[in-house]
Every structure is written in C-alpha cells, then in structure tokens.
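Peer 1: predicted model and sequence below, questions to follow.
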Amino acid sequence: MKQALVIGASGGIGAAMVAELETRGYAVTGLSRSGDGLDVTDGASVTRIMGALDGPFDVIFVAVGTLAVDGAPEKALRQVDAAQMARVFAVNAIGPAMLLAQVERLLPRKGRSVVGVLSARVGSIGDNRMGGWYSYRASKAAVNQIVHGAAIEIGRKRPDAIVAALHPGTVATEFTAGYPGHDKVTPREAASNLCDVLEGLTPEQTGGFFDYAGREIPW
C-alpha cells in the first residue's frame, strides 16, 4: 500500500488531506501539535518526532501555517510589529525549513515521490498588486524560497522526487473565518484539488510554485 505523511493533520486542510489520501488508497500517518506534540517552532520537537518515523513515504504534505498568530494581518507598514512578525515567520517559514531538513531520509531512494508544502498566492512578489499583509506575505515568499532550495538539494540524490509549494485557494476554515469577501471552497474540495496536483506533477516541475489547478504561480 502507498504511504503518505501529513504534517499539520489536525487543521482544516490537513485533516481533509488525511481523509482524501485515505480515499485514494494511501495508508496515512498524521502528525500535529494537538495530537502528537509536534511544535514546528521548536527544533528539538521537530527532530524528536520526525526522527521517530521510518518511511519511506510516497507523499508528504506539510500543512502548517498561521495568518497572524495572535493578531491580524497588517494593512500598513506602520502596523508591523517585530515580535509578531517573528512569530509568523517561525511558523510559516522556519518551521517548514526544519521539517524539510528531516524529509529526505523519509523518501524512497528510487521511484517517484512528492512533497507538497502549503504556501499562498499572496506570497508571490510578482502577483502582489495590493500591498499590506507584510508578515504573512513575506513569510510565504520565504517558504517558497526554502521549498525551491530543498527541491534542488533533495533532487541530487533522489532525481525522481518532486518538491513543490502549493496554493490551495481560499478555503473555508477557522483560518479564513474573518475574511468573508473571498469565494471559498470547502476543506474537502481543497484537499481533492491539491491531491490532483500532487499526483499530476512531474520531476521536471520540482521546485515550482503551483495553485490548486496545477497552474504555475510567478515568484
């Protein structure tokens, strides 16, 4: 049976990814802070919990992220708070970097495997025409760079592995509850779309940034 690992499995998108992957025939291992004590902002926690896994996993999906931790996204530069920005970066960029550092040994040495990391279109510098949301935008741009670098490094030893940053669309979760102005999809719809993308990516696309329909997003 194919094996999948979902990190952030207790969140809206993460839980839906677990369910969707199971319907597609995967045996799924889910990790989360609430279920397993995995704190992606704590390097020792990441090393301990990820180090206890054996693998190999055909699919690994990183579904961790925060919009603003304890506040709201900034609308102007004067609202940027250093401590708040650091907390957002800790979850959205540094955490995924520490997770990706543990991922390579969990992938098969030969044959196709895919790692998807949850990002967001607002992390695209080329697509930014509105400004604002400085911490969230910058942290997602940072994780995109981390994913791109990880794809290069992992690909040196595992040429059939695919590592990609993925934008799920605006998903109706607690994460987006305060932003009613966007068309939203359900977590299950988002998970189905993301799994389609994961299954359709090729090794030539590793290191890329894609939306829920598999379309490439500019950096």
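Peer 2: On my side now, so go ahead. Numbers count the residues shown, from 1 in each chain.

Peer 1: can you give me the helices for the chain?
Peer 2: Secondary structure of the chain (DSSP state H): helices at 12-23, 33-36, 43-51, 82-89, 95-103, 134-157, 187-200.

Peer 1: can you list the weak-confidence ranges in this structure?
Peer 2: Judged by pLDDT under 70, the chain has its weakly predicted residues at 173-182.

Peer 1: for the residue of it positioned farthest from its centre, give its distance to residue 15.
Peer 2: Centroid-distance maximum for the chain: residue 78 at 28.8 Å, with Cα atoms, centre = their mean. Distance from residue 78 to residue 15, counting by Cβ to Cβ, to the nearest Å: 37 Å. Every residue, glycine included, has its C-beta placed from N, CA and C.

Peer 1: do the same with residue 135
Peer 2: The value you get for residue 135 to residue 15, if Cβ to Cβ is used, is 25 Å.

Peer 1: ok, residue 56 next?
Peer 2: 23 Å.

Peer 1: what do you get for residue 186?
Peer 2: From residue 186 to residue 15 the distance is 12 Å (Cβ to Cβ).

Peer 1: looking at these two, which is more packed in?
Peer 2: residue 15 (20 against 13; other Cβ atoms under 10 Å).

Peer 1: wait, residue 214 sits on residue 202?
Peer 2: No: with contact defined as Cβ atoms under 8 Å, residue 214 does not count as touching residue 202 (10.8 Å).

Peer 1: neighbour-wise, which of those two wins?
Peer 2: Taking neighbours as other Cβ under 10 Å, residue 214 and residue 202 compare with residue 214 leading, 18 against 10.

Peer 1: burial count for the nearest residue to that one once chain neighbours are set aside?
Peer 2: Nearest residue to residue 214 in three dimensions, chain neighbours excluded: residue 197, at 4.8 Å (Cβ to Cβ, 6 or more residues apart in numbering). Neighbour count of residue 197, defined by other Cβ under 10 Å: 21.
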